[in-house]
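Asker: I would like to see how this sequence folds:
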Amino acid sequence: MPTAEDVRATRASLARRIVSFALNEPVLAILVIVLAVLQCTHAQPWLALPRLVDWPTVLTLAGLLMLTKAIELSGLLMWLAHRVVHHVRSERALACLLIGLAAVLSMLVTNDVALFVVIPLVLSLHALTPLPVKRLTIFLALAVNAGSILTPLGNPQNLFLWQVGGISFGRFVWALAPLCATLMAMLYALAYFAFRAKPLDLSKDASRERVDRAFAGVAAVLFVAFVLLADSHHAGIGLIGVAGGFLLWRRDAVLKIDWALLLIFVLMFIVLRSVAALPWVHATVEQLGLHTALRAYVAGAVLSQGISNVPAAIMLAQFTNDWRALAFGVSVGGFGIAIGSLANLIAVRLSKTRGVWLPFHLVSIPFWLVAGVLGGWLLTHL
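Answerer: Residues are numbered from 1 along each chain as shown. Here you go, the predicted model:
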């Protein structure tokens, strides 16, 4: 029979675990709290809540998480990263190369995975020769936000808009290419002045990353097949094949994905669509007149500054069918205040660098303002 002291100790331990979980997953914790408040004030049947979730988007995200985890575990990405920097001779050249690498990777394996490759690479190279880690972190965060704009695979908001828009993969890329090219050109122009032509010697980089070629090859083939299935709106079939195959062969590609991210995505749909359905919220947003492309664009770019671009895309999609304007808006919204994109927070966390927030915003907010003007012009003139 447990004593009163044992009960108190158990409760204290449970409380510590809850607090620790909330600190490690603040977005998930906030969504759970908001959902609880909504159910107390505007209750809906619990069995009705799953109908608010856009399941094709969630299934597509799950498949991509497994495939990108497989490619990551194979060692291919880190091997590639170390190979491409061997012949760099200056700080500016390294910065431009890393910006390009981060942008290209983000187009193919999501902006989060790209950061998990390039930030550790910067830290390992910094051990060989002094590098401006803080400045590189800022530019790499901007790079994955800019590069990931191009494809539906680049970030969660693109994935969502690709699915709900019902457009082909090629049409999505063609529509977002002008914005992506413009923002990358801005970033490279800024990097030219931000980094010096200081000589670097990275010839001592003797990293010998091992690559599981069979794992990487199978993952690459499945990646292409899954994207084709998702493009034809059969993500569920693709997910069954990918998950089943990896569970039988390399289950770590399934078990080690970011399950919290999937749960966050599910809760985002439930919470944000519930909030959007509240009479006063619906009436307020309706007054904004988001039926015009420019207003939808501005709403996406501005709202992202307060709630991040993924929630902004999910919420505003309830009020406009112009997926292109919304994609432009939430893409630009990834810049500016750090919360605009979760990739910004991930980059700073991975770099383990102190005092980065002020310089980050000194670069990112002006970048957002200029990008906002140029993005609006591209949207209305192309």
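Asker: Count the neighbours of the closest residue to residue 155 other than its chain neighbours for me.
Answerer: Distance criterion C-beta to C-beta, 6 or more residues apart in numbering; nearest residue to residue 155, sequence neighbours excluded, is residue 148 at 4.4 Å. Where C-beta positions appear, they are placed from N, C-alpha and C, glycine not excepted. Residues within reach of residue 148, counting by other C-beta atoms under 10 Å, total 32.
Asker: Check the contact between residue 148 and residue 111; I expect there is one.
Answerer: Yes. Counting by C-beta atoms under 8 Å, residue 148 touches residue 111, with 4.2 Å between them.
Asker: what is in contact with those two at once?
Answerer: Shared contacts of residue 148 and residue 111 (C-beta atoms under 8 Å, 6 or more residues apart in numbering): 154, 155, 343.
Asker: out of those residues, who's nearest residue 132?
Answerer: The shortest gap between residue 132 and any of the shared contacts of residue 148 and residue 111 belongs to residue 343, at 19.8 Å (C-beta to C-beta).
Asker: Contacts only, for that closest one.
Answerer: Residue 343 neighbours (C-beta under 8 Å, 6+ apart): 111, 112, 115, 141, 144, 145, 148, 155, 334.
Asker: Quick check: pLDDT value at the most centrally placed residue in the chain.
Answerer: For the chain, the residue nearest the mean C-alpha position is residue 155 (4.3 Å; C-alpha atoms, centre = their mean). Looking at residue 155, its pLDDT reads 90.
Asker: How about residue 14?
Answerer: 60.
Asker: Residues contacting stretch 96-104, please?
Answerer: 81, 84-85, 88, 114-115, 117-118, 121-122, 136, 139-140, 143-144, 146-148, 184, 187-188, 191-192, 195.
Asker: how does it look with 7 Å?
Answerer: 81, 84-85, 88, 114, 118, 122, 136, 139-140, 143-144, 146-147, 184, 187-188, 191 (C-beta atoms under 7 Å, 6 or more residues apart in numbering).
Asker: Only whichever of the residues you listed are buried, select them in ChimeraX.
Answerer: Remark: buried members of the contacts of stretch 96-104, expressed as a ChimeraX selection using 16 or more other C-beta atoms under 10 Å:
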select :81,85,88,114,118,122,136,139,140,143,144,146,147,184,187,188,191
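Asker: Keep only those of the contacts of stretch 96-104 that are in helices.
Answerer: Among these, the members falling in helices (DSSP state H) are 81, 84, 114, 118, 122, 136, 139-140, 143-144, 146-147, 184, 187-188, 191.
Asker: so, if you compare these, which one comes nearest to residue 169?
Answerer: Nearest member of the ones in helices among the contacts of stretch 96-104 to residue 169, counting by C-beta to C-beta, is residue 147, at 16.5 Å.
Asker: shouldn't the closest one be in contact with residue 106?
Answerer: Yes. Assessed by C-beta atoms under 7 Å, residue 147 is found in contact with residue 106 at 4.2 Å.
Asker: what touches both of the two?
Answerer: With C-beta under 7 Å, 6+ apart as the test, residue 147 and residue 106 both reach residue 154.
Asker: show me what contacts the residue nearest to the centre of the chain?
Answerer: Contacts of residue 155 by C-beta under 7 Å, 6+ apart are 110, 111, 148.
Asker: Contacts only, for the second one.
Answerer: What that stands for is residue 111. Counting by C-beta under 7 Å, 6+ apart, residue 111 touches 144, 145, 148, 154, 155, 343.
Asker: redo that, cut-off 6 Å
Answerer: Residues in contact with residue 111 (C-beta atoms under 6 Å, 6 or more residues apart in numbering) are 144, 148, 155, 343.
Asker: Residue 319 too?
Answerer: 285, 290.
Asker: how close does residue 73 sit to residue 135?
Answerer: 30 Å (C-beta to C-beta, to the nearest Å).
Asker: same question but for residue 101, I mixed them up
Answerer: Counting by C-beta to C-beta, the separation of residue 101 from residue 135 is 16 Å.
Asker: the more surrounded of those two?
Answerer: When neighbours are counted by other C-beta under 10 Å, residue 101 and residue 135 differ, and residue 101 comes out ahead with 22 against 19.
Asker: what's the helix or strand for that one?
Answerer: Assigned by DSSP states H and E, residue 101 belongs to helix 91-109.
Asker: and residue 266, how many neighbours?
Answerer: 20.
Asker: same for the helix or strand in which it is found, what does it pack against?
Answerer: Element membership for residue 266 (DSSP H and E) is helix 259-277. Applying 3 or more C-beta pairs under 6 Å, 6 or more residues apart in numbering; DSSP states H and E, we find helix 259-277 packed against helix 26-41, helix 309-316.
Asker: Dump these into CSV; add mean neighbour count as well.
Answerer: Output for the helices and strands packed on helix 259-277, formatted as CSV (neighbours: other C-beta atoms under 10 Å):
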stretch, mean neighbour count
helix 26-41, 14
helix 309-316, 26
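Asker: Of the ones you listed, give the one that comes closest to residue 352.
Answerer: helix 26-41 (18.4 Å).
Asker: how much distance is there from that closest one to the middle of the chain?
Answerer: Its chain's C-alpha centre and that of helix 26-41 lie 22 Å apart, by C-alpha atoms, centre = their mean, to the nearest Å.
Asker: Quick one: name whatever helix or strand follows it.
Answerer: Following helix 26-41 toward the C-terminus (DSSP H and E): helix 55-73.
Asker: Let's verify residue 289: helix, strand, or coil?
Answerer: Assigned with DSSP: H, G, I helix; E, B strand; the rest coil, residue 289 falls in the coil class.
Asker: what number of residues lie near it?
Answerer: The burial count for residue 289: 12, using other C-beta under 10 Å.
Asker: again with residue 179
Answerer: Neighbours around residue 179, by other C-beta under 10 Å: 23.
Asker: ok, now which ones touch it?
Answerer: 149, 328, 375, 378.
Asker: tell me which element it is part of?
Answerer: helix 169-194.
Asker: where does residue 246 land on pLDDT?
Answerer: 93.
Asker: Ok, residue 71 next?
Answerer: 86.
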